[in-house]
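Colleague: Okay, here's the prediction I keep looking at, along with the sequence it came from:
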Amino acid sequence: MKRMRLEITNIKHELEDALYNLDPLTGAISRVGMLTKLREQHELVRRDVHPCCIVMMDIDRFKAINDTHGHMAGDRVLVALARYVMTHLRLYDKFFRYGREEFLICAPDTDTRTGYDLVERLRKELATIPIDTENGETVHITVCFGLTQIDPGVSVEQAIDRADKALYRAKQTGRNRTVIWDVSMT
């Protein structure tokens with residue numbers, strides 16, 4: 001009976017966590033618990049347990065989708081993208097809604113090369129997905145990714161900033177691409 005109560009309590013906490021920490025539109029984890037989860041990964045990197053990549057992603061020309069097709073179509077794009085990414089990441093990867101059309105992926109046990117391969121696969125696949133709008137039109141999207149390795153010597157916030165700078169470089173250099181952060185981006 002004690003074991004069953006403990007299991008019920010654990011399930012209750014998981015449901016509460018999901019209720020309070022998920023973005024209501026996309027189902028991605030919201031920013032509320034993001035830093036806590038990233039700090040846990042940072043600590044594992046710091047202890048040399050495993051490497052970890054974080055990846056910022058942003059839908060190219062999202063404002064044009066909203067302006068041309070309306071905000072409902074923009075919401076459909078966000079939902080379609082989030083569902084696709086969540087079902088095509090590994091079970092232990094985390095997917096966060098960072099901002100309006102920006103998302104962050106935390107990929108534990110992943111070095112830069114593996115992280116790059118992971119997001120390149122997603123980038124190519126996302127470009128092929130037709131997304132239907134409420135008025136019967138079909139929208140296709142492209143996405144930029146900025147990737148960095150969590151470094152034990154820098155804070156989680158600095159790692160996010162590095163991924164964001166790599167994302168900005170991807171947008172500057174033509175969109176629909178993945179860029180890995182390097183020191184020239186400081």
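Modeller: Structure's in. What do you need?

Colleague: Scan the chain for its longest helix.
Modeller: Taking DSSP state H as the criterion, the chain has its longest helix at helix 2-21.

Colleague: Now do it: distance to the chain's middle.
Modeller: 25 Å (CA atoms, centre = their mean, to the nearest Å).

Colleague: what comes up buried for that helix?
Modeller: For helix 2-21, burial by neighbour count (16 or more other CB atoms under 10 Å) applies to residue 21. Any C-beta I mention is one placed from the backbone N, CA and C, and that applies to glycine too.

Colleague: counting contacts, what elements does it pack onto?
Modeller: On a contact count with 3 or more CB pairs under 8 Å, 6 or more residues apart in numbering; DSSP states H and E, helix 2-21 meets no helix or strand.

Colleague: Mind listing residues that contact that helix?
Modeller: 29-30, 32-33 (CB atoms under 8 Å, 6 or more residues apart in numbering).

Colleague: Tell me the first helix or strand C-terminal of it.
Modeller: For helix 2-21, the following helix or strand on the C-terminal side (DSSP states H and E) is helix 34-46.

Colleague: what's that following helix packed up against?
Modeller: Against helix 34-46 (3+ CB pairs under 8 Å, 6+ apart) you get strand 52-59, strand 102-108, helix 156-172.

Colleague: average pLDDT across the last one?
Modeller: The average of the pLDDT scores along helix 156-172 is 97.

Colleague: cool, the second one as well?
Modeller: The average of the pLDDT scores along strand 102-108 is 98.

Colleague: just checking, what packs against it?
Modeller: helix 34-46, strand 52-59, helix 71-88, strand 94-97, helix 112-126, helix 156-172.

Colleague: With distance to residue 105 and mean neighbour count as added columns, please give the ones you listed in TSV.
Modeller: Below are the helices and strands packed on strand 102-108 laid out as TSV (distance: least, CB to CB, whole Å; neighbours: other CB atoms under 10 Å):
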stretch	distance to residue 105	mean neighbour count
helix 34-46	11	17
strand 52-59	4	25
helix 71-88	7	17
strand 94-97	6	22
helix 112-126	7	17
helix 156-172	9	19
